[in-house]
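Student: okay, here's the prediction I keep looking at, along with the sequence it came from:
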Amino acid sequence: MKLSAVKRKAEFVKELHAKVRANIEKSNEQYARQANKGHVMTFEPENCVWVHRRKERFPTNKKYKLQPRGDETFQVLERINDNAYKLDFPTAYGEKFDSRTNPFEEGGNDRNSTNKDKDPLHDTRGPMTRSKTKMRKQSLQCLSLGIKESLK
């Protein structure tokens, strides 16, 4: 009788482990789905993409406030990196279409192009307040320390 109770207990523990494992896998899939919700998509050549345009990038075509921000789909000709692609634009944009990308800039990925705004030395918007002055002073001290250390 004890042997059958032990076998039942062992089967119960095995089933419990299987249920727990399935539950953990299910919750991990949910976490992954939620975490990848805002995942940046990468495209390969010959894929079609929808372009949302701003008037700074398309100054001649974007004239009215209520004009649609998107055009048709464009075909990807070449993948430069995860965030930069050569697209097949129609001739309506002209042959010299430039989306203000600079091939001579370092980094290769323009995903975080707003880092300049967070640097207190480049922040020229608004009045000069005490806090801005303090932040600039701190960043200048760090910059001068870095220069001194590099000269040693």
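Tutor: Right, received. Where do you want to start?

Student: switch to C-alpha atoms for all contacts and neighbour counts from now on
Tutor: Will do.

Student: sketch out the low-pLDDT regions of the protein for me.
Tutor: The model of the chain has pLDDT under 70 over residues 1, 40, 52-72, 90-124.

Student: just the strands in it please.
Tutor: 48-52, 70-81, 84-88 (DSSP state E).

Student: now tabulate the ones you listed in TSV and tack on mean neighbour count.
Tutor: As requested, the strands of the chain are exported to TSV (neighbours: other C-alpha atoms under 10 Å):
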stretch	mean neighbour count
strand 48-52	13
strand 70-81	14
strand 84-88	16
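
Student: any idea which of those gets closest to M128?
Tutor: Among the strands of the chain, strand 48-52 comes nearest to M128, with 35.3 Å by C-alpha to C-alpha.

Student: can you name every helix or strand that the closest one contacts?
Tutor: With contacts taken as 3 or more C-alpha pairs under 8 Å, 6 or more residues apart in numbering; DSSP states H and E, strand 48-52 sits against strand 70-81.

Student: give me the helices and strands touching the strand it packs on, please.
Tutor: Going by 3+ C-alpha pairs under 8 Å, 6+ apart, strand 70-81 lies up against strand 48-52, strand 84-88.

Student: rewinding a little: would you reformat the strands of the chain as JSON lines and include distance to R33?
Tutor: As requested, these are arranged in JSON lines below (distance: least, C-alpha to C-alpha, whole Å):
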{"stretch": "strand 48-52", "distance to R33": "23"}
{"stretch": "strand 70-81", "distance to R33": "24"}
{"stretch": "strand 84-88", "distance to R33": "25"}
